[in-house]
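S.K.: How does the following fold in three dimensions:
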Amino acid sequence: MSVVAYALELRDLIRSLIDVRPEPCEFNWLPPPEPRGPVAYSVEDGGQGDRKLRTYTVFALKAWGAGFVDGEAPRSFQEGFVGVVVPQGLEQGQRMRRYRQVLELEVALKSMVPGGLALFDGTPPMRWGRVGAKATWEESLEAAAKHIIKHRGALEGLTKGTCSAPDVDCLAEVLEGATRRPLSARALMRLAREGALGIGNSLRDYYPILALESLERLLLFRRVIEAAWSRGSTPVFVVKTSRSTSFCGGSLPDVHLVEATLRARGSFEPGYAVANVYNSVYDYFGLSKRERSMYPDVGGLRDFYENRLAVASAFVRLRAGGFIFKVEVLYDRSAGAGDPAGLLREVVSRLSSLPLTSEGYPLPLVVADSNSRVARAEMEAAMRALGLDLTPESRSMLRV
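M.R.: Alright, predicted model coming up:
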């Protein structure tokens, strides 16, 4: 029986799930504000590629960012990394994504401009990560700190941090002072070379590695957002493919229901709809605040994520008949920002002033995506540059 036969068998069921009539979604579609005029902005994006070998997965990461100020030549920055995933078998995909996000944040920090928009592709990378159900953040970070400081030679040339105390605050200083990123990936590779990863037979032994990587990303994300706020710039995350359902409350993604509702109204004009305002990061993730914080109390992280960070989101169309996408604006609620709707209106005005594609998508993000991709040919060239006997992962034993 072929796959086509299986598809025909379940066709009606599958189509009944996909070709459903969209649920009604009630919202106010606001007219777009007047474009603000020349807007200063920065933009960033990242890409990755990998090759699975019989013994290791080799991966390549690239991040590109640029800052644009009217009347000045744009400044662009690029960061990259090629490495192997160690230890093997530990959430390879998630960890490579985490490393890529660290590089994206690094170029975002370098390309930031004052008084403009700080444009990011995708959702804010502010999850705390997973360190396991049987270990806390604190326990995992303490174990990581003791191991890293014990083998501090693995950090040589990677950080300006010089502390030697085996505690979590010291680990945060080491990560904050990184001169090469992702520091966690580079340090793990060096530890693996020296046979000093410290991995035992228990899954719990892996948690310090996940905690180390998550801490690097959380610390750098906080630094980038605080840098934007301090320079009078607004962090804006543009989400092309949102799967959220919290706005319309339907079974299909909000953006699909918003598009269907506007189509039913005969409205194809530019505009926007205020979606959600999250005054708590726990609300943003749909979680209730627990007695034990989900963020480690180190490096000012807990105060930043739980007491300062707030998110206002909207669905936006910038050209007639164009795409509708979601924007998420990060602001400092401790600074007295009491008008999220006004903030969103200002952001839409500034977005309207940027160069746009024919579908109404910000062109700078398209450029950033193009400049940060790891092309197949580039990945192959990187593999040749390594100059090793890299035997590809083989499934030939299954072929007859």
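S.K.: Quick check, Leu119 in contact with Val236.
M.R.: Yes - under the criterion of Cβ atoms under 8 Å, Leu119 makes contact with Val236 at 5.6 Å. For the C-beta atoms, the positions are set from N, CA and C on the backbone; glycine is no exception.
S.K.: Can you pick out the residue with more neighbours from these two?
M.R.: Leu119 (28 against 23; other Cβ atoms under 10 Å).
S.K.: Share the number of residues neighbouring Ser251, please.
M.R.: That count, for Ser251 with other Cβ under 10 Å as the rule, works out to 11.
S.K.: Look up phi and psi at it.
M.R.: Phi and psi for Ser251, reported as degrees, to the nearest 10, are phi -90, psi -20.
S.K.: Next one: the closest residue to Thr234 other than its chain neighbours from Ser370, what distance?
M.R.: Leaving out its chain neighbours, the residue that sits closest to Thr234 by Cβ to Cβ, 6 or more residues apart in numbering is Leu117, at 5.6 Å. Leu117 is 19 Å from Ser370, where distance means Cβ to Cβ, to the nearest Å.
S.K.: next one: Ser358
M.R.: Distance from Ser358 to Ser370, by Cβ to Cβ: 16 Å.
S.K.: For the helix or strand hosting Ala275, give me every contacting residue.
M.R.: Using DSSP states H and E, the element containing Ala275 is strand 271-278. The contact list for strand 271-278 (Cβ atoms under 8 Å, 6 or more residues apart in numbering) reads 27-32, 246-247, 254, 258, 284, 310-317, 326, 340-341, 344, 348.
S.K.: For the residue lying closest to Pro235 once chain neighbours are set aside, give me the backbone phi and psi.
M.R.: Nearest non-adjacent residue to Pro235, counting by Cβ to Cβ, 6+ apart: Leu330, 4.3 Å away. Main-chain torsions, Leu330, degrees, to the nearest 10: phi -100, psi 130.
S.K.: how about Leu330, what does it touch?
M.R.: 124, 225, 234-237, 309-311.
S.K.: State the number of residues packed around Gly93.
M.R.: 12.
S.K.: tell me which residues in the helix or strand where it lies are buried?
M.R.: Assigned by DSSP H and E, Gly93 belongs to helix 92-111. Neighbour counts over helix 92-111 (16 or more other Cβ atoms under 10 Å) mark 95-111 as buried.
S.K.: what does stretch 298-308 give?
M.R.: So, applying 16+ other Cβ under 10 Å, buried residues of stretch 298-308: 298-299, 301, 304-305, 308.
S.K.: what's the span of that stretch, first residue to last?
M.R.: In stretch 298-308, first residue to last residue: 15 Å (Cα to Cα, to the nearest Å).
S.K.: Pull the residues that contact that stretch.
M.R.: Contacts for stretch 298-308 (Cβ under 8 Å, 6+ apart): 126, 128, 141, 168-169, 171-172, 176, 215, 218-219, 222, 225-226, 280-282, 293, 295-296, 332-334.
S.K.: where does the protein dip in pLDDT?
M.R.: Counting by pLDDT under 70, the chain contains low-confidence ranges at 1, 19-20, 22, 129-134, 199-203, 289-292, 337, 388-400.
S.K.: What ranges does it have for its helices?
M.R.: Taking DSSP state H as the test, the helices found in the chain are 3-9, 11-18, 92-111, 137-150, 168-176, 183-193, 207-230, 254-265, 281-284, 301-303, 340-352, 363-372, 376-386.
S.K.: mind giving me a markdown table with those helices and columns for distance to Gly71?
M.R.: Shown next, in a markdown table, are those (distance: least, Cβ to Cβ, whole Å):
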| stretch | distance to Gly71 |
| --- | --- |
| helix 3-9 | 57 |
| helix 11-18 | 50 |
| helix 92-111 | 17 |
| helix 137-150 | 46 |
| helix 168-176 | 34 |
| helix 183-193 | 37 |
| helix 207-230 | 21 |
| helix 254-265 | 36 |
| helix 281-284 | 37 |
| helix 301-303 | 38 |
| helix 340-352 | 17 |
| helix 363-372 | 17 |
| helix 376-386 | 34 |
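S.K.: Kindly format the C-alpha coordinates of stretch 356-373 as CSV.
M.R.: These are the backbone C-alpha positions of stretch 356-373, laid out as CSV (Å, rounded to 0.1, in the frame of the first residue of the first chain):
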residue,chain,number,x,y,z
LEU,A,356,8.7,47.7,2.3
THR,A,357,8.3,44.8,0.0
SER,A,358,5.3,44.7,-2.4
GLU,A,359,3.5,42.6,0.2
GLY,A,360,4.2,45.1,2.9
TYR,A,361,6.9,43.3,4.8
PRO,A,362,9.9,45.4,6.2
LEU,A,363,12.6,45.1,3.5
PRO,A,364,15.5,45.5,6.0
LEU,A,365,14.4,42.1,7.6
VAL,A,366,14.5,40.5,4.1
VAL,A,367,18.0,41.8,3.6
ALA,A,368,19.1,40.6,7.0
ASP,A,369,17.7,37.1,6.3
SER,A,370,19.6,37.0,3.0
ASN,A,371,22.9,38.1,4.5
SER,A,372,22.7,35.6,7.4
ARG,A,373,21.8,32.4,5.5
